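Enquirer: model this:
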Amino acid sequence: MDKLKSVLSGEEARRDDRNVLQVVNEASTLGWGTRLKGFVACFVVGAACTVLGVCTLFIPRIGITLFIVFYTFGNICTLASTMFLMGPMKQLKRMCDKTRALATTIMITCLVLTLCAAFWWKNFGLALLFVILQVLSFTWYSLSYIPCVREAIMKLVAMCMK
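Expert: Residues are numbered from 1 along each chain as shown. Model (predicted):
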């Protein structure tokens with residue numbers, strides 16, 4: 001009976017007009033409570049990995065490698081935690097906004113290059129440079145969500161440079 005009602009009301013035709021992403025998005029929508037729990041869990045895991053990475057920094061020989069892995073994984077978890085609040089598609093669209101595109105590109109590039117420098121190139125000085133760039137780009141990206149803060153920082157830096 002429900003199928004007949006949807007066909008007669010034209011609802012079935014509207015369902016056929018949807019693309020694959022819309023169908024997946026509708027099938028995977030979460031309630032607000034579940035989104036909040038997912039955000040908190042992912043954010044706590046990310047923060048714990050970051051703190052754990054800093055703690056492992058002082059272990060001889062493997063400390064720097066563990067730091068790089070935990071710190072980078074922590075940043076990825078922290079970034080993913082916001083996807084629970086907004087939803088993955090909306091988050092990806094916001095990451096590619098005109099105001100955030102450069103910061104997003106630098107941040108993701110630094111995440112990848114940090115791991116490359118640590119594991120493939122075995123250059124820990126370069127890996128630490130990329131970690132510093134991760135911190136700066138992640139901070140700049142995060143500040144883009146607070147209205148007018150990046151402009152205020154730019155003005156402050158310009159005043160200090162004079």
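
Enquirer: Any stretches of the chain with poor pLDDT?
Expert: 1-18, 20-28 (pLDDT under 70).

Enquirer: go again using 80 as the cut-off
Expert: Low-confidence segments of the chain (pLDDT under 80): 1-30.

Enquirer: how's it carved up into domains?
Expert: As recorded under the TED database, the domains making up the chain are 35-89, 95-161.

Enquirer: Rebuild those domains as a markdown table, extending it with distance to residue 29.
Expert: C-betas here are computed from N, CA, C, even on glycine. Putting those into a markdown table (distance: least, Cβ to Cβ, whole Å) gives the following:
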| stretch | distance to residue 29 |
| --- | --- |
| domain 35-89 | 8 |
| domain 95-161 | 20 |
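
Enquirer: deepest of these, which one?
Expert: The highest mean neighbour count among the domains of the chain, using mean count of other Cβ atoms under 10 Å, belongs to domain 35-89: a mean of 17.

Enquirer: where exactly do the helices run in this protein?
Expert: 2-8, 11-16, 20-27, 32-56, 63-86, 88-95, 101-119, 124-143, 149-161 (DSSP state H).

Enquirer: ok so, going back, which one of the domains of the chain lies nearest to residue 19?
Expert: For residue 19, the closest of the domains of the chain is domain 35-89, at 11.4 Å, according to Cβ to Cβ.

Enquirer: Quick one: end-to-end length of the closest one, please.
Expert: 14 Å (Cα to Cα, to the nearest Å).

Enquirer: what's the offset of it from the middle of its chain?
Expert: The gap between where domain 35-89 is centred and where its chain is centred comes out at 11 Å by Cα atoms, centre = their mean, to the nearest Å.

Enquirer: cool, stretch 151-162 as well?
Expert: For stretch 151-162 - counting by Cα atoms, centre = their mean - the centre lies 27 Å from the chain centre.

Enquirer: neighbouring contacts of it?
Expert: residue 143 (Cβ atoms under 8 Å, 6 or more residues apart in numbering).

Enquirer: Export it to CSV, keeping only CA atoms.
Expert: Extracted C-alpha coordinates of stretch 151-162, given in CSV (Å, rounded to 0.1, in the frame of the first residue of the first chain):
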residue,chain,number,x,y,z
GLU,A,151,41.8,38.7,9.0
ALA,A,152,42.6,40.0,12.6
ILE,A,153,45.7,37.9,12.7
MET,A,154,46.8,39.1,9.3
LYS,A,155,46.4,42.7,10.5
LEU,A,156,48.3,42.0,13.7
VAL,A,157,51.2,40.4,11.8
ALA,A,158,51.2,43.3,9.3
MET,A,159,51.4,45.8,12.3
CYS,A,160,54.2,43.9,13.9
MET,A,161,56.2,43.8,10.6
LYS,A,162,56.2,47.6,10.3
